[in-house]
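# What would the 3D arrangement of this be:
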Amino acid sequence: MTTKTIKIAVIAAAVAVAGYWYWSPFLAIRQMQSAAQEKDAEAFNERVDYPKLRESLKGQLSAVMGEQMAKTQDAGNPFAALGSMLGLAMVDRFVDAMVRPETVMRAMQDGQMSPAAAKTSDAPAPTTSNPDSPAPAAAREDNKPKWTYDRKGVDRLIAYATDPQKPGAPNSEKLGVVFERSGFANWKLTEVRLPVLGR
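Below you'll find the predicted structure:
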């Protein structure tokens, strides 16, 4: 093998490695979506940092509860403030109960982060007698979110679920899932940014 051939091989290998590194977060997202569709919890969970995910949601919900508490205190309503404090105390339990593999899977499929979404979206679509109506499977596919991506440096990428009915909505009104890199090209879901609460 000549020196020129070796150089070409080295350059080609370097380009391939660089390409894999750049596209690795998108590959991870695609693999997660496939695992969610196939209900492969084991493969899906390998790419989710559940402790970080729970902390991110607790922080967002606690901030909202804190804002509501401040408003009720400003209004001089001690009972409303007490209600906000009790709600704040329930945030941890609520998040711990909500953040389950099936709920996160549904977020990656339908762009919704709620136990109700995880249950209802698996229900069979209603039948229709109108021959001009789209097939149930096609209708569900049309309602799937369109994902847009915002890369933050080399270690973080945010995927936003865009509602096909609201293509112009700002990112703050979309569900955002945050992926962080560890090692060379290992990406994990570490945060979910709720609509309107996104930062």
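# pull the longest helix from the protein.
helix 3-37 (DSSP state H).
# Counting neighbours, show which residues of the helix or strand following it come out buried.
Under the assignment DSSP states H and E, the closest C-terminal helix or strand after helix 3-37 is helix 41-45. Buried residues in helix 41-45, counting neighbours by 16 or more other CB atoms under 10 Å, are found at Ala41, Phe44. Any C-beta I mention is one placed from the backbone N, CA and C, and that applies to glycine too.
# Helix 41-45 packs against which elements?
Applying 3 or more CB pairs under 8 Å, 6 or more residues apart in numbering; DSSP states H and E, we find helix 41-45 packed against helix 3-37, helix 101-110.
# Tell me which of those helices sits nearest to Glu180.
Shortest separation from Glu180 across the helices and strands packed on helix 41-45 is recorded for helix 3-37, at 9.2 Å, computed as CB to CB.
# ranges for the strands of the protein?
Here the chain has its strands, by DSSP state E, at 146-152, 156-162, 175-182, 186-193.
# any chance of those strands in JSON lines, plus mean neighbour count?
As requested, those are exported to JSON lines (neighbours: other CB atoms under 10 Å):
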{"stretch": "strand 146-152", "mean neighbour count": "13"}
{"stretch": "strand 156-162", "mean neighbour count": "20"}
{"stretch": "strand 175-182", "mean neighbour count": "20"}
{"stretch": "strand 186-193", "mean neighbour count": "20"}
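# any idea which of the helices and strands packed on helix 41-45 is most buried?
For those, the largest average neighbour count (mean count of other CB atoms under 10 Å) is found in helix 101-110, namely a mean of 21.
# Tyr50 contacts Val99, correct?
Yes - Tyr50 is in contact with Val99 according to CB atoms under 8 Å; the separation is 6.4 Å.
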